[in-house]
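Enquirer: Using only what follows, build the 3D model:
(2 chains, ligands or ions: 2)
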Amino acid sequence: MIRLENVSKLFAGIARAAVDSLDLSVPEGRTCVLIGPSGCGKTTTMRMVNRLIEPSSGRIIVEGEDVTQADPVLLRRRIGYVIQQVGLFPHMTIAENVATVPKLLGWPAEKIRSRSEEMLALVGLEPAQFLSRYPRHLSGGQRQRVGVARALAADPPVMLMDEPFGAVDPVVRGRLQEEFVAILRRLKKTVIFVTHDIDEAIRMGDVVAIMKDGRLVQYDTPDRLLAAPADAFVADFVGADAALRRLSLVSAADAVEEGAPESSDLRLPASANLRNVLSALLTEGRDGATIVDDESRPLGRITLAAIRARSAGRPAEP
Amino acid sequence: MLDWISANPRIFWTAVENHLWLSGVALLAVMLIALPLGLALTRHRSLANSAIAIVNILRTVPSLALLVIMLPVLGTGFLPSVVALTLYGLPALLLNTYTGLTEVDRDIVEAARGQGLSDVQVMTRIEIPLALPVIFAGIRTAAVQVVSAATLAAFIGGGGLGELITAGMANFNFPQLIAGAVAVALLALLVEIGFASVERVMTRSARMGA
Ligand SMILES: Nc1ncnc2c1ncn2[C@@H]1O[C@H](COP(=O)(O)OP(=O)(O)O)[C@@H](O)[C@H]1O
Ligand SMILES: [Mg+2]
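Expert: Ligands and ions are numbered 1, 2, ... in the order given. Have a look, this model is predicted:
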């Protein structure tokens, strides 16, 4: 768990606070996405958590410990850290890069080796093929995978990720988002994830914190954020597509209703989300779809009317 | 020329030996001063600008002028020559040490700090290894400069191969003069080639897996 209590940051010589009286709490094992326009204080907020920046006032608690009381170097070894530019060490192999924190912590060599292999496999890189390579031989997406493997290597309970997929192309970004959201949930990491991309925010976040001028404007689940923006700024930020984005949060498997397949139905897989279903129905000019599982067995139906009703529905209370 | 050397082996080899001592001691002093100073300047950016301005002025002073300026301050002989040569070789290495370190990608340093490397570890494991090729190029430049400029030490009684040249000129002894000049040229060339090949090996292992 990460908790910020009334945290502010004033940089020397700049009148306006970069972060202004921020209260924020990220529950154990959840991902909180910080989002907002450039310069709103996202990076500053994140860097105060591992004390790369010292707060001007307020308290920050990580895993029950006040970070201002901790030794910053030791603190950082307990917090995974991933940045957009990745920052792999170019003069070290992938194995040495991934082993950075375990080595600092004095793990035995054998344990470090097996852990590095495990981490590479986890992020989808074949260990035998990559361990002895150098960063410059990797693609942007592969480097970012190594960056995440390095941050996870010592199994920190908490991860800080600053626009980690900002520099990779959209196709690779989508794949990385999907894979890493699954990994972070499975490992039950408590994560602060910074982005300026609303689609990324609702895909990665259990909760989303929207910031503006150093202040927190709304802190909510992705669904509530899209359905009930707190003010015009948030409404503008989540965009005119908010209704469609909401639909993309719901998987077809979760939305099926009882009903026998009709002959005019489309057949769509359970892995689709409601936005995909709506798009397919409109494209094909149908009123309903039969949702099928991996073995093509029908699970139930989703109709246009049901999608409309869901879209009008109030979001679940958090 | 070779006849002169075989006729005066002692004079020739003493001059070579003196020359190497002069250059070696001066280069060592350059490294002992420039490496830590360059490192310290990266930690005090405000000081760095004025230091670099001074060093750039120092760089424009001709080597002979530097030697002659030393004359009233330190007198003549080996030590004043070493001091002058040290001042002469200093700028190249100091500038390369400073720029090499400051040009290390800030994102890499940021990532290193974020993983929990201490300031000293960031310096020894990240910044210095990554700056090494540039620093080493500075050592090479300083070495070649010092070896060449050491010829002028003869003007203030510092010895070295320059003595063969000045004596050769004074006595119209052309073989002696040529022996001194060719030996200096060869020495500078050897230093250049030697350092350049070490540099190549180092750069290869630094950028490993080329
Ligand atoms: N080291 C610094 N010194 C002075 N101002 C800074 C510094 N870092 C960030 N700022 C300012 O603080 C504000 C917030 O920056 P930042 O947290 O990087 O924003 P974001 O990550 O949301 O784009 C900006 O106005 C930025 O110019
Ligand atoms: Mg930022």
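Enquirer: List the residues that contact the residue positioned nearest the centre of chain B.
Expert: Closest residue to the average C-alpha location of chain B: residue B:142 at 2.4 Å, with CA atoms, centre = their mean. Listed by CB atoms under 8 Å, 6 or more residues apart in numbering or on different chains, the contact set of residue B:142 reads B:27, B:30, B:31, B:34, B:89, B:90, B:92, B:93. Using the backbone N, CA and C atoms, a C-beta is placed for each residue, glycine as well.
Enquirer: Tabulate the residues you listed (CSV), appending neighbour count, secondary structure and pLDDT.
Expert: Below are the contacts of residue B:142 laid out as CSV (neighbours: other CB atoms under 10 Å in any protein chain shown; DSSP: H, G, I helix; E, B strand; the rest coil; pLDDT from 0 to 100):
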residue, neighbour count, secondary structure, pLDDT
B:27, 23, helix, 96
B:30, 26, helix, 96
B:31, 20, helix, 96
B:34, 26, helix, 95
B:89, 30, helix, 93
B:90, 23, helix, 93
B:92, 23, helix, 93
B:93, 27, helix, 95
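Enquirer: out of those, who's nearest ligand 1?
Expert: Closest approach to ligand 1 among the contacts of residue B:142 (CB to the nearest ligand atom): residue B:34, at 30.3 Å.
Enquirer: ok, now which ones touch that closest one?
Expert: Residue B:34 sits next to B:90, B:93, B:94, B:97, B:138, B:142 when contact means CB under 8 Å, 6+ apart.
Enquirer: at 10 Å what do you get?
Expert: For residue B:34, the contact set (CB atoms under 10 Å, 6 or more residues apart in numbering or on different chains) comprises B:55, B:86, B:89-98, B:135, B:138-139, B:142.
Enquirer: what do you get for residue B:122?
Expert: B:104, B:108, B:109, B:110, B:112, B:113, B:115, B:128.
Enquirer: Number of residues surrounding residue B:49?
Expert: 11 (other CB atoms under 10 Å in any protein chain shown).
Enquirer: How confident was the prediction at the residue lying closest to residue A:90 once chain neighbours are set aside?
Expert: Distances taken as CB to CB, 6 or more residues apart in numbering or on different chains place residue A:135 nearest to residue A:90, at 5.4 Å, with adjacent residues excluded. pLDDT, residue A:135: 95.
Enquirer: Excluding sequence neighbours, find me the nearest residue to the residue nearest to the centre of chain B.
Expert: Leaving aside its sequence neighbours, residue B:142 sits nearest to residue B:89 (CB to CB, 6+ apart; 3.9 Å).
Enquirer: Over to residue A:30?
Expert: residue A:206 (4.2 Å).
Enquirer: Repeat that for residue A:119.
Expert: residue A:149 (4.1 Å).
Enquirer: secondary structure element for that neighbour?
Expert: Residue A:149 belongs to helix A:140-152 when elements are defined using DSSP states H and E.
Enquirer: now residue A:58
Expert: Element membership for residue A:58 (DSSP H and E) is strand A:57-62.
Enquirer: so where's chain B uncertain?
Expert: B:205-210 (pLDDT under 70).
Enquirer: about what we covered before: the residue nearest to residue A:119 and residue A:210, how far apart?
Expert: Residue A:149 is 30 Å from residue A:210, where distance means CB to CB, to the nearest Å.
Enquirer: hmm, back to that, now do the buried residues in the strand holding residue A:58.
Expert: A:58, A:60, A:61, A:62 (16 or more other CB atoms under 10 Å in any protein chain shown).
Enquirer: Now the residue located most distally from the centre of chain A: phi and psi?
Expert: Most distant from the centre of chain A: residue A:263, at 40.3 Å, with distances by CA atoms, centre = their mean. Phi and psi for residue A:263, reported as degrees, to the nearest 10, are phi -70, psi -30.
Enquirer: separation between it and residue A:286?
Expert: Separation of residue A:263 from residue A:286 (CB to CB): 11 Å.
Enquirer: if we can go back for a sec, let me know the pLDDT of the residue farthest from the centre of chain A.
Expert: 87.
Enquirer: In contact with it, which residues are there?
Expert: By CB under 10 Å, 6+ apart, no residues touch residue A:263.
Enquirer: and what of residue B:40?
Expert: B:47, B:48, B:51, B:97, B:98.
Enquirer: contacting residues around stretch B:6-17?
Expert: Against stretch B:6-17 from outside (CB under 10 Å, 6+ apart): B:4-5, B:154, B:159-165, B:167, B:173, B:175-176, B:179-180, B:183-184, B:187.
Enquirer: Residue of chain A nearest chain B, please.
Expert: Relative to chain B, the nearest point of chain A is residue A:87 (2.6 Å; CB to the nearest CB).
Enquirer: which regions of chain A sit below the pLDDT cut-off?
Expert: Counting by pLDDT under 70, chain A shows low-confidence ranges at A:317-318.
Enquirer: Show me which residues of the stretch 101-250 of chain A sit near chain B.
Expert: Counting by CB under 10 Å from any CB of the partner chain, the stretch 101-250 of chain A comes close to chain B at A:101, A:103-105, A:132-137, A:147, A:150-151, A:153-154, A:156, A:160, A:162.
Enquirer: rerun that using 8 Å as the cut-off
Expert: Listed as neighbours of chain B in the stretch 101-250 of chain A under the rule CB under 8 Å from any CB of the partner chain: A:101, A:104, A:133, A:134, A:136, A:137, A:147, A:150, A:151, A:160.
Enquirer: circling back to that earlier point, surely the residue of chain A closest to chain B is in a helix?
Expert: No: applying DSSP: H, G, I helix; E, B strand; the rest coil, one finds residue A:87 to be coil, outside a helix.
Enquirer: give me the number of residues near the residue lying closest to it once chain neighbours are set aside?
Expert: Sequence neighbours aside, residue B:111 is the residue nearest to residue A:87 in space, at 2.6 Å (criterion: CB to CB, 6+ apart). Using other CB under 10 Å, residue B:111 is surrounded by 25 other residues.
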